[in-house]
Structure formats: C-alpha cells, structure tokens
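> Here is a sequence together with a model predicted from it:
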Amino acid sequence: MARPQILIVEDEAQLRASLERGLAEEDFAVAAAGDAPSAAALIATRTFDAIVLDRRLPGTDGLTLLRDLRAAGNRTPVLILTARGALDDRVTGLEAGADDYLVKPFAFTELIARIRALLRRASIRGPAMLKVADLEFDPVRRRASRGGRELALSPKEAMLLELLMRHAGQTVTRAMMIEVVWDSAYNDLTNLIEVFVNRLRQKIDSGDGGSPIVTVRGAGYSLRAD
Ligand code: CA
C-alpha cells in the first residue's frame with residue numbers, strides 16, 4: 001500500500017518541523033504549510049489522506065479553511081490541533097467539519113494513534129459522498145439528490161453535476177466540461193453544453209428561484225458553494 005499522504009498546517013515553525021520529521025519517521029509522506037492560503041494551494045493540487053490542522057493560524061484561521069474545504073465537497077479527514085480544550089472550541093471544530101481534535105500540548109504518540117484511527121475510519125467509509133449546500137452526489141451509485149429529493153439525471157447530466165460539485169465555487173470552463181463529460185475533440189460544443197446545463201438546472205431546481213449553477217460570462221459555469 002502506498003504511504004499515506006499527510007498535510008500538516010501549523011504556523012509555529014519549530015512544531016511544524018518536528019511534526020514533519022516525526023511523521024516521516026512513521027513512514028507517512030508529509031507535506032507542510034504555515035498558513036491557510038498555502039495549505040489551500042497544496043490541497044488544490046494534491047490528494048491527501050489526512051490533514052493535521054492548527055486551529056489558530058495568522059490571517060485565515062484553521063476553522064475557516066476547514067469550512068471552505070467542506071463547502072467545496074472535500075471530505076479529507078481533518079484532525080484539528082487546538083491550544084485550548086474548552087468545550088465550545090471542540091464543538092465549533094466538529095461543527096466546521098473536523099473528524100477529530102487534539103489539545104496542545106499533546107504527546108506525539110497520541111497524534112500518531114489519532115491519525116491512524118482517522119485513516120482506518122476513512123478506508124472503511126469508502127469513497128465519500130459529495131456534498132455542496134443541499135446537493136448530494138454519490139460517485140459510486142451515480143445518484144444525486146437535492147434537499148433529500150432524488151434527481152432523475154441522465155449519465156451525462158450526472159457527470160456534469162459531479163464535475164461542478166467537485167469544483168464548487170470555482171469556474172468550470174466549457175473546455176473542462178467537454179473533456180470530462182463528452183471526452184470529445186469537437187471544436188464547438190458550446191450550444192450543446194448550454195442545453196445540458198439548462199436541463200440540469202431544471203432538474204435540480206428546488207423552486208426557490210435562482211439556480212445554484214451560475215453562468216460565468218465568456219468562461220463557463222460555476223456551482224455556488226454556499
Ligand atoms: Ca498556531
């Protein structure tokens with residue numbers, strides 16, 4: 001089995017370095033970031049098996065980063081490091097989408113045990129459901145629902161929705177749609193894409209007006225993340 005990929009997000013340089021070293025010695029593949037933006041950049045380009053996230057970071061804090069990840073459908077197990085053990089800290093951490101938390105200062109062996117437990121749980125849970133606001137998509141069964149109501153999507157519409165959900169809050173260009181959904185070298189599928197997007201909009205419409213799929217003029221489409 002490949003070495004588990006762990007991302008450490010910690011602004012204290014000394015602690016970050018010692019965690020990097022310690023986890024590498026435990027045979028994890030380790031990446032590290034000192035703040036939320038550089039962590040987000042790493043997460044956008046690589047898939048991690050778990051993230052160790054310091055709650056208090058300069059600028060964007062750990063919980064905001066975590067909320068953004070979950071809103072974008074990222075289900076990577078996250079262990080929050082928190083300096084305080086107060087109950088409300090624990091609750092807000094778990095509400096933001098954390099899978100576990102550890103109070104500083106902690107024993108390194110405890111951290112390792114918690115990470116291994118997260119990895120085990122994730123492997124049992126299997127491929128995660130995608131969730132964006134009230135939209136859900138099961139990548140294995142290819143089933144989608146909105147607000148609990150199952151959507152009757154064609155295979156291509158399901159692919160289109162999955163693509164939008166995996167990139168929620170970002171622009172999905174027509175070129176990406178053609179590559180992923182149509183797997184085709186046609187030069188001009190713009191009209192076809194429009195037809196498909198409009199049909200998908202109708203199917204996921206919850207009747208509250210305002211589709212979560214917005215047109216990005218001249219570029220493509222974007223699924224609202226909130
Ligand atoms: Ca900190």
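Received, thanks.
> buried residues in the stretch of helix or strand residue 165 belongs to?
In this structure, residue 165 is located in helix 155-166 according to DSSP states H and E. Neighbour counts over helix 155-166 (16 or more other Cβ atoms under 10 Å) mark 157, 158, 159, 160, 161, 162, 163, 164, 165, 166 as buried. All C-beta spots, glycine's among them, are computed from the backbone N, C-alpha and C.
> ok, now which ones touch the residue most central in space within the chain?
Compute the mean C-alpha point of the chain, and by Cα atoms, centre = their mean the closest residue is residue 74, 1.3 Å away. Applying Cβ atoms under 8 Å, 6 or more residues apart in numbering, we find residue 74 in contact with residue 43.
> Does residue 223 touch residue 130 like I think?
No: under the criterion of Cβ atoms under 8 Å, residue 223 is not in contact with residue 130, lying 10.5 Å apart.
> if you skip the residues just before and after it, what's nearest to residue 81?
residue 54 (4.7 Å; Cβ to Cβ, 6 or more residues apart in numbering).
> Settle this for me: that neighbour is touching residue 60, isn't it.
No: applying Cβ under 8 Å as the test, residue 54 and residue 60 come out as separate, 11.8 Å apart.
> The two: who's more crowded?
Shown here are residue 54 and residue 60; by other Cβ atoms under 10 Å, residue 54 has more neighbours (26 against 14).
> Quick one, grab the pLDDT at that one.
Looking at residue 54, its pLDDT is 94.
> next one: residue 71
Note on residue 71: pLDDT of 84.
> Let's see the pLDDT reported for the spatially closest residue to it that is not a sequence neighbour.
Leaving aside its sequence neighbours, residue 71 sits nearest to residue 225 (Cβ to Cβ, 6+ apart; 4.6 Å). We have a pLDDT of 83 for residue 225.
> do the same with residue 188
pLDDT, residue 188: 60.
> Show me which residues of the protein are close to the ion?
11, 54, 56 (Cβ under 5 Å from the ion).
> Take those residues and keep only those in strands.
Counting by DSSP state E, those place residue 54 in strands.
> would JSON lines of the residues of the chain next to the ion with distance to residue 4 be doable?
What follows is those, written out as JSON lines (distance: Cβ to Cβ, whole Å):
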{"residue": "11", "distance to residue 4": "23"}
{"residue": "54", "distance to residue 4": "19"}
{"residue": "56", "distance to residue 4": "25"}
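> Need the nearest residue in space to residue 16, chain neighbours excluded.
Nearest non-adjacent residue to residue 16, counting by Cβ to Cβ, 6+ apart: residue 10, 4.2 Å away.
> these two touch, right, the one you found and residue 18?
No: using Cβ under 8 Å as the test, residue 10 is too far from residue 18 to be in contact (9.7 Å).
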